[in-house]
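Undergrad: Sharing a model prediction with you, sequence too.
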Amino acid sequence: MKYKAYLIEENDGSYNGSIKELEMADIQPGNVIVKVHYSSLNYKDALAATGVKGVASSYPFVPGIDVAGEILKSSNENFKIGDKVIATGYKLGMSVHGGFGQLVQVPEKWVIPLPNNLTLLNSMSLGTAGLTAGACVKKILDAGPSLNNPILVSGATGGVGSVAVNLLSKLDFEVHAITGKPNETEILKKMGASEIIDRHKFMADPVKPLDKAIYSAGVDTVGGDILSKMLSMILSHGSVACCGNVGGMKFTSSVFPFILRGVSLIGIDSAESDINFKKQIWNLFSENWSLNLDDYSKVVQLDDIESEITAILNGEQIGRVVIKHGD
Ligand SMILES: NC(=O)c1ccc[n+]([C@@H]2O[C@H](COP(=O)([O-])OP(=O)(O)OC[C@H]3O[C@@H](n4cnc5c(N)ncnc54)[C@H](OP(=O)(O)O)[C@@H]3O)[C@@H](O)[C@H]2O)c1
């Protein structure tokens, strides 16, 4: 079975992508083959597409950690031909060819039936970014503090950040959004942020061991010094969900937020989360957490992916990029 995919190849240490025709291997026991209708672009996919070490296990490789589509072949009873499904994370787009191709072959245990009320398109408007934002919000809510004060979101115009802003606002929280794009006030307000904080102004004063406590909780998608500062500004027994590193891998903190305010730092790894946890988040998005992300996601064809990869690596994307396979 032949299919088209955006294949990244390595040549003398440089990595280039182009659309190639590939051959799908015969179906293996325990696997399904999915005809991908939509995929999405996540920050991790852009790293895989540009050869950044530690993401794709080897090249040539097809990135894409998200797929939504229909079962084309199934080796087991859990899925039948034509079932609409979603698969995100695990080794998809890491060591198993991913959603930048028209077909994927994955273990059935990675696959979730498309929940009621979600279309394949809006499942990929969420994608891993949405699942991650959902996991951050779920864990902050589960931590159970009083959430009467604002919640701070960093990287607010990005994929994870924008879904977090939309979701927290839908859940009636006051959302303050940190952004490096202060000109995008209007769109952040439309997402539901009540206050827009310029990232550079936020970081203008050095990080203190403890700062004025303003926020009930935080969703940090960027790491580095912003995470340090966020931790110092969380109210007693609040929490920060940490999921990203576009702003830096390392951060410093005093122990004071933890021992004087009882603040919790919650790690999020949505890719490797238990499939039942993923199902729980997808079901929330299909019901009480349903979001209309049409204004914050653009749909592109695979031919257009290169410029979208450059934009996400430069921190220039706003919201989500969905990849449509076929017309
Ligand atoms: N742990 C997990 O399970 C998980 C899952 C998905 C993603 N992630 C991680 O989460 C992060 C965000 O992913 P994404 O897909 O949302 O990416 P994205 O769409 O590119 O969003 C990142 C946003 O961060 C802000 N930003 C960019 N460069 C920055 C810098 N140098 N310092 C501070 N802020 C910066 C920008 O927003 P503003 O201009 O609005 O500030 C940018 O739009 C990535 O590190 C990704 O690897 C983790």
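TA: Yep, it's here.

Undergrad: List the contacts of the most far-flung residue of the chain relative to its centre.
TA: When each C-alpha in the chain is compared with the mean C-alpha position (C-alpha atoms, centre = their mean), L260 comes out farthest, at 32.1 Å. Taking C-beta atoms under 8 Å, 6 or more residues apart in numbering, we find L260 in contact with L210. (Glycine included, C-beta is placed from N, CA and C.)

Undergrad: Distance check, it against I151.
TA: Computed as C-beta to C-beta, to the nearest Å, the L260 to I151 distance reads 21 Å.

Undergrad: same deal with T119?
TA: In this view, T119 and I151 are 29 Å apart by C-beta to C-beta.

Undergrad: Same check on Q28?
TA: Distance of Q28 to I151, given as C-beta to C-beta: 44 Å.

Undergrad: And stretch 97-107, how far out from the chain middle?
TA: 18 Å (C-alpha atoms, centre = their mean, to the nearest Å).

Undergrad: ends of it, how far apart?
TA: Stretch 97-107 has its terminal residues 12 Å apart, counting by C-alpha to C-alpha, to the nearest Å.

Undergrad: so which residue of the stretch 101-250 of the chain comes closest to the ligand?
TA: Closest residue of the stretch 101-250 of the chain to the ligand, C-beta to the nearest ligand atom: G158 (1.9 Å).

Undergrad: Enumerate the residues of the stretch 1-150 of the chain near the ligand.
TA: The interface of the stretch 1-150 of the chain toward the ligand, taken as C-beta under 6 Å from any ligand atom, is made up of N42, Y43, K44, T128, A129, T132.

Undergrad: By neighbours, which of those wins?
TA: Neighbour tally across those (other C-beta atoms under 10 Å): the maximum, 33 neighbours, falls on A129.

Undergrad: Between Q28 and I151, which has more neighbouring residues?
TA: A side-by-side neighbour count of Q28 and I151, using other C-beta under 10 Å, places I151 first with 25 against 11.

Undergrad: Relative to L231, how far out is the residue farthest from the centre of the chain?
TA: Taking C-beta to C-beta as the criterion, L260 is separated from L231 by 12 Å.

Undergrad: K250 too?
TA: 14 Å.

Undergrad: So those two - more neighbours on which side?
TA: The neighbour comparison of K250 against L231 (other C-beta under 10 Å) goes to L231, with 29 against 10.

Undergrad: And the strands in the stretch 151-300 of the chain?
TA: In order along the chain, the stretch 151-300 of the chain carries the following strands (DSSP state E, counting those that start in this stretch): 151-153, 175-179, 193-198, 215-220, 234-242, 264-267, 297-301.
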